[in-house]
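**Q** What shape does this take:
(4 chains)
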Protein chains: 4
Amino acid sequence: MATLGAEMILVDRGGVEIRFPFSPRLTQQNGFVHAGAVTSIMDSACGYAALSVAPGQAEVLSVEFKINFLAPAVGESFIARASVKRAGKTLAVCAADAFAVKAGEEKLIATMLATIMNMDSKPAEAGSGD
Amino acid sequence: MATLGAEMILVDRGGVEIRFPFSPRLTQQNGFVHAGAVTSIMDSACGYAALSVAPGQAEVLSVEFKINFLAPAVGESFIARASVKRAGKTLAVCAADAFAVKAGEEKLIATMLATIMNMDSKPAEAGSGD
Amino acid sequence: MATLGAEMILVDRGGVEIRFPFSPRLTQQNGFVHAGAVTSIMDSACGYAALSVAPGQAEVLSVEFKINFLAPAVGESFIARASVKRAGKTLAVCAADAFAVKAGEEKLIATMLATIMNMDSKPAEAGSGD
Amino acid sequence: MATLGAEMILVDRGGVEIRFPFSPRLTQQNGFVHAGAVTSIMDSACGYAALSVAPGQAEVLSVEFKINFLAPAVGESFIARASVKRAGKTLAVCAADAFAVKAGEEKLIATMLATIMNMDSKPAEAGSGD
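**A** Numbers count the residues shown, from 1 in each chain, chains lettered A, B, ... in the order given. All right, here's what the predicted structure looks like:
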């Protein structure tokens, strides 16, 4: 997130919002922000959302996610909003939407559905994905 | 891909392999290569695989993908291998596996299933995702 | 849907709700309604949601979907609610949630993210998925 | 699976094949076998594949899956082949392909990527998805 100049501006229980400004470093040849940057921020937002409802001193890992790209990532800044659909002892399922902000208006550019694992419930397993 | 120092070392019709070396720039605090870098390379491999079977002077866009993270991305270099499951006029479906290479041995670290759109069949639509 | 005794009780532009009652025919050995029945209803709800915003005399086909199962499907009746996240000329992306209803209370049991193709824009292609 | 007249004809460690014959009961108005039937069989194949590598007297549950529909389900019989991409203590990730068989030839009609949970490692949690 540091590389993207991102900041988390809001965290409540189960809900997270991350913003990052446009930067030429993040663009592809066509001037759109790279899908990889948008994906990473959304994945992070889902992780923090899961963390916000995890018991104890949890550490979380992405098991998997699916992302749909809905519109080009063109804007002055970008927002990823994640929320927890369900949290269990081991797994949390989170949804996130990403928006491009242009002249004060938000446009939906991507949507994600993610499964996150709470690693504290599984001290003996080191790998992501399990 | 340039930022990752990646190279595509093999392309045949419907099959693509991209390799990139370990770099401290790509790591998280725990020394693993960031999931975002692995994801981007796999997404690119799927795109190039779709492109290799697309008719004409195609341009392709990722509609969506799902990725499962299977093991930490620890290695001297990384490989993403993508292949086309089915290619139609408008959409191609591609699968990709990513491997970490350590002392000459490959370990599966992630797997992806992606839907790619051939934009040449849709000249009037500018956005990704449609 | 007929086999499930389902009814669509609400349709507005981009939003669809399908309900079906509990039936012993739909259960597994443990008395839960089979995931396949829940999945089919959610897929149908996504299809109808896409159809409600499609231009002309559209016919739609599911390109792909991802579903997360969140809780056992135990209840007197079940509801699938779908909405359109984005609709383009060729593709629509829909999200759906499924709920089990018990003593008047809804419990979230599954969530889906789906890509739907408008077949009217592609008269020459017969297959699902393209 | 009984309702579909399905049989599992091959099980080795991590690999499962399920076949079921065409039946008019499974078709939609257009004569294609319903996507829900194909999806259920593929989900079952993934579950049995995960079970075949699970430790102890395991019981497994689908956490989530993604499916891409690649061609209409038209044929005399259908095959779902699943294999385990990675199995951990808690989660297994499986891939499956479905084929329609017509005059002895197999045609790929759908592909799935699934996350399965081994419930034996989590005796206290009853719900699917966790």
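**Q** which residue is nearest the centroid of chain A?
**A** Centroid check for chain A by CA atoms, centre = their mean gives A:Met42 as the closest residue, at 2.2 Å.
**Q** for that residue, what are its contacts?
**A** By CB atoms under 8 Å, 6 or more residues apart in numbering or on different chains, A:Met42 lies in contact with A:65, A:67, A:80, A:82, A:96, A:98, A:110, A:112. From N, CA and C alone the C-beta is placed, and that goes for glycine too.
**Q** Let me see the confidence value for it.
**A** Looking at A:Met42, its pLDDT is 96.
**Q** Which pLDDT value goes with A:Pro21?
**A** For A:Pro21, the model assigns a pLDDT of 89.
**Q** Could you double-check that it sits in contact with A:Ser77?
**A** Yes: A:Pro21 is in contact with A:Ser77 according to CB atoms under 8 Å; the separation is 4.8 Å.
**Q** Tell me which helix or strand the residue nearest to the centre of chain A sits in.
**A** Applying DSSP states H and E as the criterion places A:Met42 in helix A:35-53.
**Q** Measure how that helix sits relative to helix B:35-53, angle-wise.
**A** Interaxial angle of helix A:35-53 relative to helix B:35-53 (axes from the mean of the first three to the mean of the last three CA atoms, to 10 degrees): 140 degrees.
**Q** for chain A, which spans come out with low pLDDT?
**A** Chain A contains residues with pLDDT under 70 at A:1-4, A:10, A:121-130.
**Q** Enumerate the residues of chain A near chain B.
**A** Chain A has residues A:32, A:34-37, A:39-40, A:43, A:61-72, A:126-130 near chain B, with proximity defined as CB under 8 Å from any CB of the partner chain.
**Q** Of these, grab the buried ones for PyMOL.
**A** Selection of buried members from these for PyMOL, criterion 16 or more other CB atoms under 10 Å in any protein chain shown:
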select buried, chain A and resi 32+34+35+36+37+39+40+43+61+62+63+64+65+66+67+68+69+70+71+72+127+128+129+130
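**Q** Please flag which of the contacts of A:Met42 sit within strands.
**A** A:65, A:67, A:80, A:82, A:96, A:98, A:110, A:112 (DSSP state E).
**Q** any idea which of those residues is closest to B:Leu91?
**A** Using CB to CB, A:Ile67 comes nearest to B:Leu91 of these, at 16.4 Å.
**Q** which residues pair with that closest one across the strands?
**A** A:Met112, B:Phe65 (DSSP bridges).
**Q** isn't it right up against B:Glu64?
**A** Yes: contact criterion CB under 8 Å: A:Ile67 and B:Glu64 qualify, at 6.2 Å.
**Q** shared neighbours, the two?
**A** Here A:Ile67 and B:Glu64 have no joint contacts, going by CB under 8 Å, 6+ apart.
**Q** Which secondary structure elements does the host helix or strand of A:Glu106 sit against?
**A** According to DSSP H and E, A:Glu106 maps onto strand A:105-118. Contacts defined by 3 or more CB pairs under 8 Å, 6 or more residues apart in numbering or on different chains; DSSP states H and E place strand A:105-118 against helix A:35-53, strand A:60-69, strand A:77-87, strand A:91-102, strand C:60-69, strand C:77-87, strand C:105-118.
**Q** can you rerun that using 6 Å?
**A** Packing contacts for strand A:105-118, counted by 3 or more CB pairs under 6 Å, 6 or more residues apart in numbering or on different chains; DSSP states H and E, involve helix A:35-53, strand A:60-69, strand A:91-102.
**Q** Tell me which of these sits nearest to D:Ala50.
**A** strand A:60-69 (14.0 Å).
**Q** Show me what the closest one is in contact with.
**A** For strand A:60-69, the surrounding residues in contact (CB atoms under 6 Å, 6 or more residues apart in numbering or on different chains) are A:39, A:43, A:47, A:50-51, A:110-119, A:128-129, B:62, B:64, B:66, B:68-69, B:128-129, C:66, C:93, C:113, D:66, D:115.
**Q** got the angle for it vs strand D:105-118?
**A** For strand A:60-69 against strand D:105-118, the angle by the same axes, to 10 degrees is 140 degrees.
**Q** Okay, angle between strand A:60-69 and strand C:91-102 too, please.
**A** Taking the same axes, to 10 degrees, one finds strand A:60-69 and strand C:91-102 inclined to each other by 130 degrees.
**Q** Please state the offset of strand A:60-69 from the chain centre?
**A** 9 Å (CA atoms, centre = their mean, to the nearest Å).
**Q** can you give me the angle that strand makes with strand C:77-87?
**A** Angle, strand A:60-69 to strand C:77-87, by the same axes, to 10 degrees: 60 degrees.
**Q** Just put the helices and strands packed on strand A:105-118 in JSON lines and tack on distance to C:Gly88.
**A** Formatted as JSON lines, these follow (distance: least, CB to CB, whole Å):
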{"stretch": "helix A:35-53", "distance to C:Gly88": "17"}
{"stretch": "strand A:60-69", "distance to C:Gly88": "11"}
{"stretch": "strand A:91-102", "distance to C:Gly88": "16"}
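**Q** Which one of the ones in strands among the contacts of A:Met42 is nearest to chain D?
**A** Closest approach to chain D among these (CB to the nearest CB): A:Phe65, at 9.9 Å.
**Q** measure that closest one to B:Asn68 for me?
**A** 9 Å (CB to CB, to the nearest Å).
**Q** now A:Thr27
**A** According to CB to CB, A:Thr27 and B:Asn68 sit 28 Å apart.
**Q** One more: A:Lys107?
**A** Distance from A:Lys107 to B:Asn68, by CB to CB: 29 Å.
**Q** can you check A:Leu108 too?
**A** For A:Leu108, the distance to B:Asn68 - CB to CB - is 25 Å.
**Q** Same question for A:Phe32.
**A** From A:Phe32 over to B:Asn68 the distance is 26 Å, taken as CB to CB.
**Q** same question, A:Phe78
**A** For A:Phe78, the distance to B:Asn68 equals 25 Å [CB to CB].
**Q** What of A:Glu105?
**A** Distance, A:Glu105 to B:Asn68, by CB to CB: 35 Å.
**Q** end to end, how far does stretch A:21-28 reach?
**A** Chord length of stretch A:21-28, first to last residue, is 15 Å (CA to CA, to the nearest Å).
**Q** In it, which residues are buried?
**A** Residues of stretch A:21-28 classed as buried: A:22, A:26 (neighbour count, 16+ other CB under 10 Å).
**Q** Contacts for it next, please.
**A** Residues from elsewhere that reach stretch A:21-28, judged by CB under 6 Å, 6+ apart: A:5, A:33-34, A:37, A:76-77.
**Q** How about the contacts made by A:Glu106?
**A** Contacts for A:Glu106 (CB under 6 Å, 6+ apart) come out as A:Phe99.
**Q** again, only this time at 7 Å
**A** A:79, A:99 (CB atoms under 7 Å, 6 or more residues apart in numbering or on different chains).
**Q** beta partners for it?
**A** A:Glu106 forms beta bridges with A:Val101, as assigned by DSSP bridges.
**Q** Next one: it relative to chain D, how far apart?
**A** 27 Å (CB to the nearest CB, to the nearest Å).
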